[in-house]
Each structure stands twice: as structure tokens, then as C-alpha cells.
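>>> For reference, the sequence and a predicted model appear below.
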Amino acid sequence: MEEKKTNVSTSDADQVSSFIKSLGGAKNIYSYLKTKKININIESIYKWKNNGIPHRYLLYIKELADNQDVIIPGNIFPENIRSVNNKADIISSIDNNIKGYRIPILIVLLAFIIVLLQFLYFQNDRKAVNEKILKLENLTLLFKTHDYDKKLDSINNFINDQIVLNKQYSSEIKNAYSLNIINTKKIKELEKNIGISFNNNNKIQNSKLSSFNTTLINLIVLKDNIKFSIPNLSNINLINDYFSRIKTPENITLALLNLNSLSKINLKSHVQLVEEITPLLIDLNKENSNKKVSNKINILTYLKNMIKISKISNTEFMYNNKITSNIINNLNSHNYDYILNEFKTVNNDVKLNEWLESINSLNILINSLDKIINWLIYKG
């Protein structure tokens, strides 16, 4: 709304009107104010001669008069025009300064916001890490302290001893196995030569004697192979055919039934049994070491006749490196009863029971073969 001067005298109105004309009239003043981006109607300028020049336009009118070298009448502008000018200059200066520092201020403000967000993020992350550390500390408190070094050293020493023993006996078993293959080939060649010899001499071999020889050789080879390879009962039909034609005592009949039963299962060699018992002993000793002291039962206790036990503490025992060696020696001598007796008090272990079942099968096989072979040689 236009600011108005009140009580403008006629002489003042004449001076204002004359001053406006000296500046080029209302149209020229209107054009100049437009260049200064002042929003004003030309009709308002025409009213200045009666109402006086509004204060907000005084500085622009003074600037226009100075540009045109027009003398300003003394009573048109107020005495405080200088202070108004100074205020405008200050406001203009402040506006310019604000405009000049606007971008740096925005950059500083943005940097402050980023730092604040990072601080809040790291505070939250630190809180999460502390919570996780606390959980881990609580979990570690649940674990009891154990002297695992002694147990690991004991197991490592045992494993190293077994490696040495396995290398030693592996070589002996391979040599014995090679010798067995050679002997088997010689027996087959001998059977072949015997048959050829009888045919060449035109001798009629007694069929009963031929069946007897063949059956006996097969039984002897089968017994001999138990030590070096997987027992092979593939010729069980040939053996059954021979004994079906002769009368046998009750113990031999039972032994033959045992052979037929064993031919239907998978028998294991001595080498396989030795390889299986080593990890079983380690597992059993580990399970027993985890039990309470009052209930602790060590597998080595049941091997006291085969090994020596050295006591380390009230709850631990040391493996003796003769375990596997004694098992191998008893297997090679077909002393299966001794092994079964040493393990008879160990219960509730599935893998060990399976291993002992294989030992028991070989024990039945060797006893049955011994009975049949001895009866054929001496009484058959």
C-alpha cells in the first residue's frame, strides 16, 4: 500500500510537480524504476505531486536526480534521508554477504549432518558389537577348562606308533600274500599234472579218491588263505557234494553246516580287521575319558593281559604301543578265542560289536575247517 504524506502544502506540491517534470516526468521515472525491478503503477507516480514521494522510493529518485544532474529541492526529501540511505546500504551489504556465503554455509551444514549421521551409526554399531561380545563371553563361561594338550599328545604318540607298526607288518603281510599266491598256483599246477599223469598212463583213477583229494586240497587252501586274504567259500558246493555221498559223525555235520552258513555272509581278512580296530580303540578311549571319574571305564582295562597300563592321573591312562602288535600276533596264530575273551566285558558299542562278530565268524570257520580236515586225514 502506498505510503502517503499528510498535509502537503500547495507550495510543496508545486515543487514536487516541478521536480518530477525535471526528471523527465512520470513516464521517465516509471521506466527507471522498472529497470530497478520495482513493481509500481504509473498512476501512483502521477499522485506523487499531491501526496508526496513515498519514502521507499526516495533513494531511487535521488539516484535518478544525481544521474541527470538535477538539483533536488530542499524540502522534498526529509532530513533523515542520509540515515535511510545508510540503512539501505547496510541491508544491501548484508544481503550481498549472505548471498556470497550461502554455498559455504550449505556445505558446512551438509558436512555437519554427515558427521552426525556417522556418529549415530557408529554408536549403534558399537552397541551391537558389545552385545555380541557379551554373548560370546557368556558362552565361553559354559565350557569347562580341559587339559587337551596331554590328550592330543597321547593320541599323536599312539598314532605315530601305529604308523610304524603298520609299515612293519604291512611289508610282512604283502610278502606272505605274494607267497600264498605262488603256492596256490603251484597247487593248481600239481592238480593238473596229477590228472595228466593218470590219463597218460591209462590208469582209471578211483572217482572217490579223486573227490577226496580235491575236497581236501580245497579245505587246506581255504584254511591257509584265512591269514592272507578274504576267506573264499565259493567251492562250498564241491565240498557239500563230496560229503553228501559219505556218512559223517555229528560234529563234522555241524562243522559243515557252519561252513554253509558262513558262505552266505561277507567275511573279512586279517588286514581289514587290523585296520578297523585302531580307530575303534581311539574312539572308545575318548568316550571313556569323557565320563565321570567314578563311572570311568577304559577299554585298555579289558586288554590288561595284552598291554601294560601306565597311570598318568586319577582320570587318564596312556595308550601302549603293543595293542595292535598283540592283536596281529593273535590273528596270525588263529587265536581268536583269546581276542574275544579280552573284549567280552565291553558292551553297548555297535562298531566294536560288529568287529567282534567278524572275529567270531573267523573263529567258527577255522575250528570247523580243523575238525573237517583232521577227520578226513585220519578217519575219513
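Structure's in. What do you need? Numbering: from 1, shown residues only.
>>> C-alpha only now, for contacts and for neighbours.
Fine.
>>> Give the buried residues for stretch 157-170.
By neighbour count with 16 or more other C-alpha atoms under 10 Å, stretch 157-170 contains the buried residues Asn157, Phe158, Ile159, Asp161, Gln162, Asn166.
>>> Equivalent analysis for stretch 257-271, please.
Using 16+ other C-alpha under 10 Å as the test for burial, stretch 257-271 gives Asn258, Leu259, Asn260, Leu262, Ser263, Leu267, Lys268, Ser269, His270, Val271.
>>> if we look at it, which residues are touching it?
Residues from elsewhere that reach stretch 257-271 (C-alpha atoms under 8 Å, 6 or more residues apart in numbering): 173, 226-231, 233-234, 236, 328, 331-332, 358, 361-362, 364-365, 368.
>>> ok, 6 Å please
Where contact means C-alpha atoms under 6 Å, 6 or more residues apart in numbering, the residues beyond stretch 257-271 that reach it are Ser229, Ile230, Leu233.
>>> Can you redo those residues as a markdown table, where the extra columns are secondary structure and distance to Asn130?
Converted to a markdown table, the contacts of stretch 257-271 look like this (DSSP: H, G, I helix; E, B strand; the rest coil; distance: C-alpha to C-alpha, whole Å):
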| residue | secondary structure | distance to Asn130 |
| --- | --- | --- |
| Ser229 | coil | 63 |
| Ile230 | coil | 62 |
| Leu233 | coil | 69 |
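>>> Any chance of TSV for these, columns distance to Asn183, neighbour count and pLDDT?
TSV is the format used below for these (distance: C-alpha to C-alpha, whole Å; neighbours: other C-alpha atoms under 10 Å; pLDDT from 0 to 100):
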residue	distance to Asn183	neighbour count	pLDDT
Ser229	14	18	80
Ile230	16	16	85
Leu233	18	18	87
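>>> Looking at those, spot the one nearest Ile323.
Distance from Ile323 was checked for each of the contacts of stretch 257-271 by C-alpha to C-alpha. The minimum falls on Ser229, at 21.9 Å.
>>> Show the contacting residues for that closest one.
When the contact criterion is C-alpha under 6 Å, 6+ apart, the partners of Ser229 are Ser269.
>>> What residues of the particular helix or strand that has Thr215 in it count as buried?
When secondary structure is defined by DSSP states H and E, Thr215 falls within helix 207-225. Of the residues in helix 207-225, those with enough neighbours to count as buried (16+ other C-alpha under 10 Å) are Ser211, Phe212, Thr215, Leu216, Ile217, Asn218, Leu219, Val221, Leu222, Lys223, Asn225.
>>> returning to that earlier point: out of the contacts of stretch 257-271, the closest to Ser178 would be?
When these are ranked by distance to Ser178 (C-alpha to C-alpha), Ser229 comes first, at 10.6 Å.
>>> which stretch of helix or strand covers Gln168?
With DSSP H and E as the test, Gln168 turns up in helix 148-200.
>>> re the thing from before, in TSV, list the buried residues of stretch 157-170 along with distance to Lys47 and pLDDT.
Listed next are those as TSV, based on distance: C-alpha to C-alpha, whole Å; pLDDT from 0 to 100:
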residue	distance to Lys47	pLDDT
Asn157	118	78
Phe158	119	75
Ile159	117	83
Asp161	122	76
Gln162	122	75
Asn166	124	75
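>>> Would you reformat those residues as JSON lines and include distance to Asn39?
Output for those, formatted as JSON lines (distance: C-alpha to C-alpha, whole Å):
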{"residue": "Asn157", "distance to Asn39": "103"}
{"residue": "Phe158", "distance to Asn39": "104"}
{"residue": "Ile159", "distance to Asn39": "102"}
{"residue": "Asp161", "distance to Asn39": "107"}
{"residue": "Gln162", "distance to Asn39": "107"}
{"residue": "Asn166", "distance to Asn39": "109"}
